[in-house]
Structures are given as C-alpha cells and as structure tokens.
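Q: Attaching a predicted model along with its sequence, questions to come.
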Amino acid sequence: MNLDIWMRENPLAYIWLGSYAVAFIVFAIEIAMVRHKRKITLQQVRLMRDAGNEAEDEEMA
Amino acid sequence: MIPWFAISAALLFALGLYIGFFVAPTDYQQGEFYRIIFIHVPASILSMFLYLIMAGYAALGLIFNTRLSAMMATAIAPTGALFAFVSLWTGALWGKPMWGAWWVWDARLTSELILLFLYLGFIALHASIDDPRRADRASALLAIVGSVNVPIIYFSVKWWNTLHQGSTIKFSGTTMHIAMQQAMFTMLAACWLYAIAVVLARVRSIILERERRTQWIAELPEVQQ
C-alpha cells in the first residue's frame, strides 16, 4: 500500500530505481562476469603453456 | 571491434535516455510511467531476436558440425536470458501502476516467461554435459525446438484476447510521438550494440577455453604476455 502511494507521488524515481537502475546493474554484472571469465581463461592457458614448457625442459635435460 | 561496439552502445544509451527523459513528452494516459518502455521494448525485442539467432547458430552447428556456430550459440544464451529477465522485470514495474498487478497470467507475459526458462534450460543443459561437443548437440536440439515459442510471443496479442497491448509501431504507421520513437529506437540500437559487444567478448573466452591445447592459441600475443 505504501509502495502504491510512493510510486504515484514519485513516478520518475520509481522508473529510475526500479527499471533503469536494475537494468544497468544487470548489464554491469554481465560485463564483470565476461571480463572475469576472460582473465581466468587466459590464466589457465598460460599455466598450461608454462607446464608444457617445463615438461619439455625436463625432457631435454 | 569489441571496444567500438561497447563505446557506441554507451553513447547511444546516454542519448536514448536523454531523449526519453528530457525531450519526449509525458503521455496523456499513462503519465510518466510510460517511460519504462524505452528499456522494456528494446529488452523484449532483443530477447526474442537473440533466441532466434542462438537457435540459428545451434542449427548450423548441428547440421554442418561447425564448432564456431555452437560456441556462438553458447555465448548468446546468457545475454538473451538477461534481456528476457529485464523485459519481465520492467514489464512488472509498468504493470503495477497501469494494471494494478505486478503479474498476470496473460499470453504475452507467460510466453516471455517460457522464453526465459528456455534460455535457462539451454544454459543448464550445456553446463551439465562434460563433453563440449555432446553438450552442443543436446542444447542445439533444445534451442531449435524452443524457437517455436518466439512467434507465439510475437503473435500472442493477436491470437488471444490479452491484457498486454498490441504493437504500437506497425508497417502501416504509428500514432506515437516522434521523440518517443527516437528514444525507443536509440535505446534499441544501444541494446543491439551492447549485446554484440558482450557476445563477442564471451565467445572469445569460449574459443580460448576450448582450443587451449592448440598451437595457435599458444602463439596468441595475449597468451604470451
């Protein structure tokens, strides 16, 4: 009931906080997840490369 | 390419919001509440188009056994799911002051909810199978079968007597104010560019992950850093 009154008295705040802020937070979380995934995947690939190099060095020795 | 899409999306979001909140007039029936459409309509359109694109890539991967198509389908699914969620969320926020209810079991709303579940089902199915090629095939089937839901969402307002209104913009014209149209199409373009940027960034990581044992990945400059 209180929300009903508040939204009718403050329609722009309701729209901004309820819709646009939520949508942009969702987008920000998605961007952060994509960047994190990229970072983690690159780390894994570098670790695999380093492990491969070490194995080659041991074979040579 | 990704930074260009991302920067263009950010600029268009800013422009669309400016037109939508400072130039577009207040609606005579809905008051200020109609301004939710500037994010609601683009999110709904994107959720449907991204599903069709995802199903298209999944079908290509299934028929021609092209690995990149399956990776693209996998990369599109989370973005599509987020747009479906934003569409449902903003729709609920518009529904409360206009209809007096956050949710009604209307054909348009229910079919959009099914679309969100299809996206989540696709992601869950893909994640539950260890072998990526088998996961691609299984989830591709789900994506293709689920694509029948997209025309149902679009035509639901014509086929059934729904509470959700029909299309305001038609090929025959529209009664919408020009500033409202400008804001909506600018936000739609921004959402498209955002989706392209995020999907390309995600597919880059998927390629890196799946091809990590190949020589060309080891020779990439970002890997050699």
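A: It's in.
Q: what's B:Leu163 in contact with, if anything?
A: B:99, B:104, B:106 (C-beta atoms under 8 Å, 6 or more residues apart in numbering or on different chains). Any C-beta I mention is one placed from the backbone N, CA and C, and that applies to glycine too.
Q: Just among the residues you listed, which is most surrounded?
A: Each of the contacts of B:Leu163 was scored for neighbours by other C-beta atoms under 10 Å in any protein chain shown, and B:Asp106 scores highest at 20 neighbours.
Q: Show the backbone phi and psi for that residue.
A: When read as degrees, to the nearest 10, the backbone of B:Asp106 gives phi -90, psi 150.
Q: Which stretches in chain B count as strands?
A: Using DSSP state E, no strands are found in chain B.
Q: So which bits of it are right by chain A?
A: B:17, B:21, B:31-33, B:35-36, B:39-40, B:43, B:78-79, B:82, B:85-86, B:89-90, B:93-94, B:96-97, B:194, B:198, B:201-202, B:204-205, B:208-209, B:212-213, B:217-218, B:222-223, B:225 (C-beta under 8 Å from any C-beta of the partner chain).
Q: 7 Å instead?
A: B:31-33, B:35-36, B:39, B:79, B:82, B:85-86, B:89-90, B:93, B:97, B:194, B:198, B:201-202, B:204-205, B:208-209, B:212, B:217-218, B:222-223 (C-beta under 7 Å from any C-beta of the partner chain).
Q: Just the buried subset of those residues, written out for PyMOL, thanks.
A: A single PyMOL command suffices to select whichever of the residues of chain B next to chain A are buried according to 16 or more other C-beta atoms under 10 Å in any protein chain shown:
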select buried, chain B and resi 32+33+35+36+39+79+82+85+86+89+90+93+97+194+198+201+202+204+205+208+209+212+217+218+223
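Q: Let me see the mean pLDDT of stretch B:128-145.
A: Regarding stretch B:128-145, the rounded mean pLDDT is 94.
Q: Return the residues in contact with the residue nearest to the spatial centre of chain B.
A: In chain B, the centroid-proximal residue (C-alpha atoms, centre = their mean) is B:Ser47; its distance is 2.8 Å. Taking C-beta atoms under 7 Å, 6 or more residues apart in numbering or on different chains as the criterion, B:Ser47 is in contact with B:80, B:83-84, B:87, B:115.
Q: Once you drop chain neighbours, what's closest to A:Met7?
A: A:Tyr14 (4.2 Å; C-beta to C-beta, 6 or more residues apart in numbering or on different chains).
Q: Going by secondary structure, the one you found is in what exactly?
A: Following DSSP states H and E, one finds A:Tyr14 within helix A:11-15.
Q: Could you identify the helix or strand that succeeds that helix?
A: helix A:21-60.
Q: elements contacting that next one?
A: helix B:67-99, helix B:178-210, helix B:221-224 (3 or more C-beta pairs under 7 Å, 6 or more residues apart in numbering or on different chains; DSSP states H and E).
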